[in-house]
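1. Here is my input; please provide its structure:
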Amino acid sequence: MWPRVEPSEGIGLLSVGPAWHFVDRTHTRKAVPFVNGGYGLAFREGAANLWYWGGGVNWWFASHAGLRVEFRHYGQQSYGFDNAIRFGIAFH
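-> The predicted structure follows:
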């Protein structure tokens with residue numbers, strides 16, 4: 001990520017975040033809950049280790065499209081913690 005005016009002021013981000021979706025293959029449901037967590041690395045002139053855990057639900061309004069609501073708890077060793085609620089569109 002970098003600003004258009006000063007690209008040298010940008011930072012790099014790398015993250016890996018698996019998720020477990022509670023899907024019932026025998027009885028399809030519109031709402032499918034999930035939990036997730038992961039690791040991230042932010043770097044510029046140094047590096048910072050990041051991590052998160054959270055969960056949420058995908059609500060499938062069509063066979064391959066849905067809405068996603070997610071809570072995430074972020075952590076970083078030096079700066080403490082932060083929480084976020086995320087909204088999005090899901091496809092499969």
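2. Which elements pack onto the one helix or strand residue 68 maps to?
-> Secondary structure assignment for residue 68, by DSSP states H and E: strand 65-76. Contacts defined by 3 or more C-beta pairs under 8 Å, 6 or more residues apart in numbering; DSSP states H and E place strand 65-76 against strand 47-60, strand 80-91. Every residue, glycine included, has its C-beta placed from N, CA and C.
3. hey, least reliable of those strands by pLDDT?
-> Mean pLDDT is lowest for strand 80-91 out of these, coming in at a mean of 88.
4. Need the helices and strands packed on strand 65-76 in CSV (columns: mean neighbour count and distance to residue 73).
-> Output for the helices and strands packed on strand 65-76, formatted as CSV (neighbours: other C-beta atoms under 10 Å; distance: least, C-beta to C-beta, whole Å):
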stretch, mean neighbour count, distance to residue 73
strand 47-60, 16, 6
strand 80-91, 10, 5
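5. between these, which one is nearest to residue 16?
-> Closest of those to residue 16 is strand 47-60, at 10.4 Å (criterion: C-beta to C-beta).
6. Now do that closest one against strand 65-76, angle only.
-> Put simply, strand 47-60 runs at 160 degrees to strand 65-76, going by axes from the mean of the first three to the mean of the last three C-alpha atoms, to 10 degrees.
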